[in-house]
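> Sharing a model that was predicted from the sequence below.
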Amino acid sequence: MATLEINDLHVTVDAEGGPREILKGVDLTVKQGETHAIMGPNGSGKSTLAYSLAGHPKYTVTGGTVTLDGEDVLAMTVDERARAGVFLAMQYPVEVPGVSVSNFLRTSATAIRGEAPKLRTWVKEVKETMENLQIDPAFAERNVNEGFSGGEKKRHEILQLELLKPHIAILDETDSGLDVDALRIVSEGVNRVRETGTVGTLLITHYTRILRYIKPDFVHVFAQGRIAESGGAELADKLENEGYEAYVKGGVTA
């Protein structure tokens with residue numbers, strides 16, 4: 001069973017006047033088959049956690065450890081983390097001009113699996129997954145994220161998630177900018193992956209609306225660079241009613 005363990009993680013980012021600490025000692029364990037929702041206000045460090053786990057060069061880890069099945073994630077390059085089974089669905093997916101969706105997906109699958117998927121079975125797998133996500137087949141020949149709407153970008157992220165089958169999926173505000181129909185479709189894709197029991201999911205969000213579709217096993221409140229409180233799905237209901245004010249003011253701590 002794949003397990004991501006984060007212990008006392010400290011992360012800084014370059015800012016005017018020198019490095020600024022964003023993560024101030026994060027402790028979290030995500031096991032295969034579990035879904036953890038990370039909730040918190042803007043600026044609390046949620047996205048910093050996501051990008052630090054993925055290896056974004058903008059963020060500098062100054063303390064703590066991150067392991068996946070005992071292997072040191074922080075010592076891995078970005079592509080090594082992906083091959084090890086760490087997947088990031090970005091809040092703002094980037095455009096990749098000149099690279100078609102179909103080529104991008106097959107190249108990614110080849111890198112993850114260690115060999116190119118057999119063309120006949122791969123084409124069928126991609127077609128079925130696109131149908132489930134209500135993606136037009138012509139989408140496969142478009143350049144990655146170039147001219148995509150916000151909903152198309154997010155569906156493309158979940159298309160990757162379903163096809164690449166990671167051990168740990170980090171979904172950074174996947175619900176951002178989605179209308180009700182797109183939110184439902186994207187959530188159904190996430191749930192299909194969850195139902196396999198082979199992925200641990202770290203779902204980062206501001207709002208509880210996505211949690212009406214994706215039921216978390218654990219909810220963690222992120223505030224001031226660390227986890228301020230953890231609980232079950234009922235904690236999300238508390239946040240819906242009371243907001244984050246108490247955590248921002250420092251009145252609640254783990």
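Arrived safely, thanks for sending. Numbering: from 1, shown residues only.
> V11 pairs with what?
Note on V11: beta-bridge partners by DSSP bridges are L23, V61.
> before we move on, what about the one 4 residues further on?
Each beta-bridge partner of A15 is listed here, defined by DSSP bridges: G18.
> mind listing the helices for the stretch 1-150 of the chain?
46-54, 78-84, 101-113, 119-132, 150-164 (DSSP state H, counting those that start in this stretch).
> Tell me which of the ones you listed sits most buried.
helix 46-54 (a mean of 23; mean count of other CB atoms under 10 Å). Yep, even glycine has a C-beta here, placed from its N, CA and C like the rest.
> Show residues contacting it.
With CB atoms under 8 Å, 6 or more residues apart in numbering as the test, helix 46-54 has contacts from 4, 6, 9, 11, 13, 22-23, 26, 38-40, 58-59, 61, 66, 73, 78, 81, 86, 88, 91, 170, 172-173, 202, 204, 222.
> one more time with 6 Å, if that's ok
For helix 46-54, contacts defined as CB atoms under 6 Å, 6 or more residues apart in numbering pick out 11, 22-23, 38, 40, 59, 88, 170, 172, 204, 222.
> Max pairwise distance over these: which two?
Using CB to CB, the contacts of helix 46-54 reach their maximum pairwise distance at G40 and L88, which is 18.0 Å.
> ok, back up a step: kindly reformat the helices of the stretch 1-150 of the chain as JSON lines containing distance to I185.
Shown next, in JSON lines, are these (distance: least, CB to CB, whole Å):
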{"stretch": "helix 46-54", "distance to I185": "22"}
{"stretch": "helix 78-84", "distance to I185": "25"}
{"stretch": "helix 101-113", "distance to I185": "17"}
{"stretch": "helix 119-132", "distance to I185": "8"}
{"stretch": "helix 150-164", "distance to I185": "7"}
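> for N241, phi and psi?
With angles defined as degrees, to the nearest 10, N241 sits at phi -80, psi -30.
> what about it, distance to R209?
14 Å (CB to CB, to the nearest Å).
> just S230 next, same as before
Applying CB to CB, the value for S230 to R209 is 21 Å.
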